[in-house]
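test case, fold it:
(2 chains)
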Amino acid sequence: NAGVMQNPRHLVRRRGQEARLRCSPMKGHSHVYWYRQLPEEGLKFMVYLQKENIIDESGMPKERFSAEFPKEGPSILRIQQVVRGDSAAYFCASSPNQAGYSYNEQFFGPGTRLTVL
Amino acid sequence: GESVGLHLPTLSVQEGDNSIINCAYSNSASDYFIWYKQESGKGPQFIIDIRSNMDKRQGQRVTVLLNKTVKHLSLQIAATQPGDSAVYFCAENTGTASKLTFGTGTRLQVTL
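Below you'll find the model as predicted:
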(Lines give C-alpha, C1' and ligand atoms only; values in the text may rest on other atoms or scores of the structure.)
Protein backbone atom coordinates (compact mmCIF):
# COMPACT_ATOMS: atom_id res chain seq x y z
CA ASN A 1 0.00 0.00 0.00
CA ALA A 2 1.71 3.15 -1.19
CA GLY A 3 1.89 6.03 1.22
CA VAL A 4 0.86 9.62 0.60
CA MET A 5 2.42 10.84 -2.63
CA GLN A 6 3.39 14.42 -3.30
CA ASN A 7 4.87 15.98 -6.40
CA PRO A 8 6.96 17.67 -7.29
CA ARG A 9 9.37 17.16 -4.40
CA HIS A 10 11.15 20.39 -5.22
CA LEU A 11 9.71 23.38 -7.06
CA VAL A 12 11.45 26.60 -7.98
CA ARG A 13 9.44 29.59 -9.11
CA ARG A 14 10.18 33.24 -9.78
CA ARG A 15 8.18 35.93 -8.07
CA GLY A 16 4.80 36.39 -9.77
CA GLN A 17 4.60 32.86 -11.17
CA GLU A 18 2.10 30.20 -10.15
CA ALA A 19 2.92 27.12 -8.11
CA ARG A 20 0.86 23.92 -8.24
CA LEU A 21 1.46 21.26 -5.64
CA ARG A 22 -0.13 17.84 -5.95
CA CYS A 23 -1.08 15.28 -3.33
CA SER A 24 -2.41 11.77 -3.78
CA PRO A 25 -3.75 10.36 -0.51
CA MET A 26 -3.24 6.82 0.68
CA LYS A 27 -5.51 4.24 -0.88
CA GLY A 28 -8.88 4.28 0.83
CA HIS A 29 -8.38 7.72 2.38
CA SER A 30 -10.83 10.39 1.35
CA HIS A 31 -9.64 13.22 3.62
CA VAL A 32 -6.71 15.45 2.81
CA TYR A 33 -4.95 18.11 4.86
CA TRP A 34 -2.35 20.65 3.76
CA TYR A 35 0.26 22.07 6.14
CA ARG A 36 3.09 24.56 5.65
CA GLN A 37 6.43 24.37 7.43
CA LEU A 38 9.03 27.11 7.61
CA PRO A 39 12.63 26.12 8.48
CA GLU A 40 13.12 25.21 12.13
CA GLU A 41 9.40 25.55 12.85
CA GLY A 42 6.45 23.26 13.35
CA LEU A 43 3.82 22.56 10.75
CA LYS A 44 0.98 25.04 10.40
CA PHE A 45 -2.44 23.88 9.25
CA MET A 46 -3.74 25.40 6.03
CA VAL A 47 -6.77 23.52 4.75
CA TYR A 48 -8.78 20.32 5.17
CA LEU A 49 -10.65 18.83 2.24
CA GLN A 50 -12.82 15.90 1.44
CA LYS A 51 -13.69 14.86 -2.10
CA GLU A 52 -15.16 17.92 -3.85
CA ASN A 53 -15.55 19.80 -0.55
CA ILE A 54 -13.47 22.23 1.48
CA ILE A 55 -14.23 21.45 5.12
CA ASP A 56 -11.91 23.87 6.94
CA GLU A 57 -9.77 26.55 5.30
CA SER A 58 -9.14 28.58 8.42
CA GLY A 59 -5.37 28.41 7.98
CA MET A 60 -5.31 29.41 4.34
CA PRO A 61 -4.31 32.96 3.37
CA LYS A 62 -7.29 34.76 1.91
CA GLU A 63 -5.55 35.79 -1.27
CA ARG A 64 -3.48 33.90 -3.85
CA PHE A 65 -3.95 30.47 -2.22
CA SER A 66 -6.56 27.92 -3.20
CA ALA A 67 -7.04 24.20 -2.80
CA GLU A 68 -9.18 21.55 -4.37
CA PHE A 69 -9.74 17.83 -4.11
CA PRO A 70 -11.71 16.73 -7.16
CA LYS A 71 -13.75 13.58 -7.47
CA GLU A 72 -11.02 12.09 -9.61
CA GLY A 73 -7.32 12.82 -9.31
CA PRO A 74 -5.04 14.32 -6.72
CA SER A 75 -5.61 17.23 -4.39
CA ILE A 76 -4.05 20.45 -5.67
CA LEU A 77 -2.70 23.36 -3.64
CA ARG A 78 -2.36 26.36 -5.92
CA ILE A 79 -0.42 29.49 -5.12
CA GLN A 80 -0.81 32.36 -7.55
CA GLN A 81 1.67 35.20 -7.98
CA VAL A 82 4.16 33.68 -5.58
CA VAL A 83 6.28 35.89 -3.33
CA ARG A 84 9.51 35.09 -1.51
CA GLY A 85 7.59 34.62 1.73
CA ASP A 86 5.82 31.62 0.19
CA SER A 87 9.09 29.68 0.24
CA ALA A 88 8.50 26.76 2.58
CA ALA A 89 7.90 23.04 2.72
CA TYR A 90 4.29 22.11 2.03
CA PHE A 91 3.09 18.82 3.43
CA CYS A 92 -0.01 16.89 2.63
CA ALA A 93 -1.57 14.36 5.00
CA SER A 94 -4.46 11.98 4.55
CA SER A 95 -6.69 10.13 6.95
CA PRO A 96 -9.43 7.54 6.70
CA ASN A 97 -11.84 9.77 8.62
CA GLN A 98 -15.09 8.19 9.53
CA ALA A 99 -18.06 10.49 9.87
CA GLY A 100 -18.30 11.89 13.39
CA TYR A 101 -15.03 10.34 14.47
CA SER A 102 -12.32 12.88 15.08
CA TYR A 103 -9.47 10.77 16.44
CA ASN A 104 -7.67 10.33 13.21
CA GLU A 105 -4.12 9.42 12.60
CA GLN A 106 -2.89 11.59 9.77
CA PHE A 107 -0.30 10.07 7.44
CA PHE A 108 2.07 12.57 5.91
CA GLY A 109 3.65 12.72 2.50
CA PRO A 110 7.31 13.62 1.85
CA GLY A 111 6.47 17.26 1.15
CA THR A 112 7.09 19.73 -1.65
CA ARG A 113 9.85 22.23 -1.04
CA LEU A 114 8.94 25.48 -2.76
CA THR A 115 11.65 28.04 -3.40
CA VAL A 116 10.68 31.44 -4.74
CA LEU A 117 13.51 33.36 -6.36
CA GLY B 1 21.81 17.99 28.36
CA GLU B 2 19.13 20.30 27.01
CA SER B 3 19.89 23.59 25.37
CA VAL B 4 18.18 26.11 23.21
CA GLY B 5 19.59 26.41 19.74
CA LEU B 6 19.01 29.13 17.19
CA HIS B 7 15.42 28.05 16.70
CA LEU B 8 14.71 24.54 17.95
CA PRO B 9 15.58 23.37 21.43
CA THR B 10 18.06 20.52 21.24
CA LEU B 11 18.39 17.48 23.43
CA SER B 12 21.68 15.58 23.27
CA VAL B 13 21.78 12.05 24.67
CA GLN B 14 24.27 9.24 24.52
CA GLU B 15 23.44 6.06 22.66
CA GLY B 16 21.78 3.62 24.99
CA ASP B 17 20.46 6.25 27.39
CA ASN B 18 16.79 7.10 27.77
CA SER B 19 15.43 10.30 26.23
CA ILE B 20 12.59 12.43 27.49
CA ILE B 21 11.11 15.05 25.20
CA ASN B 22 8.57 17.46 26.61
CA CYS B 23 5.72 19.43 25.13
CA ALA B 24 3.33 21.97 26.63
CA TYR B 25 -0.02 22.51 24.99
CA SER B 26 -2.37 25.41 25.49
CA ASN B 27 -5.83 24.24 24.46
CA SER B 28 -7.58 22.62 27.40
CA ALA B 29 -10.23 21.32 24.97
CA SER B 30 -7.68 19.17 23.12
CA ASP B 31 -8.52 15.51 23.50
CA TYR B 32 -6.17 13.70 21.17
CA PHE B 33 -2.40 13.98 21.05
CA ILE B 34 0.20 12.59 18.67
CA TRP B 35 3.98 12.49 18.62
CA TYR B 36 5.66 12.72 15.23
CA LYS B 37 9.28 12.17 14.25
CA GLN B 38 10.66 14.18 11.35
CA GLU B 39 13.98 13.36 9.76
CA SER B 40 15.78 15.88 7.60
CA GLY B 41 14.07 16.32 4.23
CA LYS B 42 11.17 14.04 5.08
CA GLY B 43 7.59 14.30 6.20
CA PRO B 44 6.48 13.72 9.80
CA GLN B 45 6.25 10.07 10.78
CA PHE B 46 3.69 8.89 13.32
CA ILE B 47 5.23 7.51 16.52
CA ILE B 48 2.49 7.16 19.09
CA ASP B 49 -0.81 8.75 20.07
CA ILE B 50 -2.86 9.11 23.24
CA ARG B 51 -6.40 10.18 23.97
CA SER B 52 -7.33 12.46 26.83
CA ASN B 53 -9.04 9.68 28.80
CA MET B 54 -5.62 8.10 29.32
CA ASP B 55 -2.51 9.33 31.10
CA LYS B 56 0.01 6.82 29.75
CA ARG B 57 0.45 4.73 26.67
CA GLN B 58 3.32 2.47 25.68
CA GLY B 59 4.63 1.41 22.34
CA GLN B 60 7.78 -0.29 21.23
CA ARG B 61 10.59 1.56 23.07
CA VAL B 62 8.39 4.64 23.41
CA THR B 63 6.02 5.84 26.12
CA VAL B 64 3.80 8.88 26.05
CA LEU B 65 2.66 10.52 29.27
CA LEU B 66 -0.19 13.01 29.44
CA ASN B 67 -0.79 15.36 32.36
CA LYS B 68 -3.99 17.26 31.67
CA THR B 69 -3.78 19.22 34.90
CA VAL B 70 -0.74 21.13 33.74
CA LYS B 71 -1.33 20.54 30.01
CA HIS B 72 1.91 18.70 29.53
CA LEU B 73 2.86 15.85 27.25
CA SER B 74 6.09 13.89 27.21
CA LEU B 75 7.68 11.28 24.98
CA GLN B 76 10.09 8.82 26.51
CA ILE B 77 12.40 6.82 24.26
CA ALA B 78 14.15 3.88 25.87
CA ALA B 79 17.67 2.86 24.89
CA THR B 80 18.06 5.68 22.41
CA GLN B 81 19.71 4.71 19.12
CA PRO B 82 21.47 6.81 16.44
CA GLY B 83 18.48 6.24 14.17
CA ASP B 84 16.34 8.14 16.69
CA SER B 85 18.13 11.38 15.79
CA ALA B 86 15.46 13.66 14.34
CA VAL B 87 13.13 16.51 15.23
CA TYR B 88 10.18 15.45 17.37
CA PHE B 89 6.87 17.28 17.31
CA CYS B 90 3.83 16.93 19.49
CA ALA B 91 0.47 17.67 17.88
CA GLU B 92 -2.96 18.15 19.39
CA ASN B 93 -6.47 17.88 18.08
CA THR B 94 -9.86 18.72 19.49
CA GLY B 95 -12.93 16.58 19.08
CA THR B 96 -14.65 19.24 17.02
CA ALA B 97 -11.89 19.80 14.49
CA SER B 98 -9.79 17.50 12.41
CA LYS B 99 -6.80 19.79 11.97
CA LEU B 100 -3.70 19.15 14.01
CA THR B 101 -1.95 21.94 15.92
CA PHE B 102 1.77 21.28 16.11
CA GLY B 103 4.23 22.30 18.82
CA THR B 104 7.54 23.95 18.01
CA GLY B 105 9.57 20.75 18.06
CA THR B 106 12.68 19.39 19.78
CA ARG B 107 15.79 18.23 17.98
CA LEU B 108 17.16 14.98 19.41
CA GLN B 109 20.87 14.34 18.83
CA VAL B 110 22.19 10.92 19.70
CA THR B 111 25.92 10.77 20.35
CA LEU B 112 27.97 7.60 20.17
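
phi, psi of A:Pro74?
When read as degrees, to the nearest 10, the backbone of A:Pro74 gives phi -80, psi 170.

is it in contact with A:Arg22, as I believe?
Yes - contact criterion Cβ atoms under 8 Å: A:Pro74 and A:Arg22 qualify, at 4.5 Å. Heads up, the C-betas are built off the backbone N, CA and C, glycines and all.

how about the residues of chain B by chain A?
Counting by Cβ under 8 Å from any Cβ of the partner chain, chain B comes close to chain A at B:6-8, B:31-32, B:34, B:36, B:42-46, B:49, B:51, B:89, B:91, B:93-105.

can I have the buried ones of those as a ChimeraX selection?
In ChimeraX syntax, the buried subset of the residues of chain B next to chain A is picked out as below (16 or more other Cβ atoms under 10 Å in any protein chain shown):
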select /B:8,31,32,34,36,43,44,49,89,91,93,94,97,98,99,100,101,102,103,105
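
give me the subset of the residues of chain B next to chain A lying in strands.
B:31-32, B:34, B:36, B:45-46, B:49, B:51, B:89, B:91, B:93-94, B:101-102 (DSSP state E).

what is the nearest of these to chain A?
Nearest to chain A, judged by Cβ to the nearest Cβ, of these is B:Phe102 at 3.7 Å.

how about the contacts made by that closest one?
B:Phe102 makes contact with A:Tyr35, A:Gly42, A:Leu43, A:Lys44, B:Tyr36, B:Phe89, B:Cys90, B:Ala91, according to Cβ atoms under 8 Å, 6 or more residues apart in numbering or on different chains.

count of neighbours near the fourth one?
This means A:Lys44. 15 (other Cβ atoms under 10 Å in any protein chain shown).

my guess is it contacts A:Gly59. True?
Yes - in this structure, A:Lys44 is within contact of A:Gly59 by Cβ under 8 Å, at 6.2 Å.

ok, B:Lys56 - how many residues close by?
Neighbourhood size, B:Lys56 [other Cβ under 10 Å]: 10.

mind checking pLDDT for it?
On pLDDT, B:Lys56 comes in at 97.

that one pairs with what?
B:Leu65 (DSSP bridges).

which residues sit in contact with the closest residue to A:Val4 other than its chain neighbours?
Spatial nearest neighbour of A:Val4, excluding adjacent residues (Cβ to Cβ, 6 or more residues apart in numbering or on different chains): A:Gly109 at 3.6 Å. Going by Cβ under 8 Å, 6+ apart, A:Gly109 touches A:Gly3, A:Val4, A:Met5, A:Gln6, A:Cys23, A:Phe91, A:Cys92, A:Ala93, B:Gly43.
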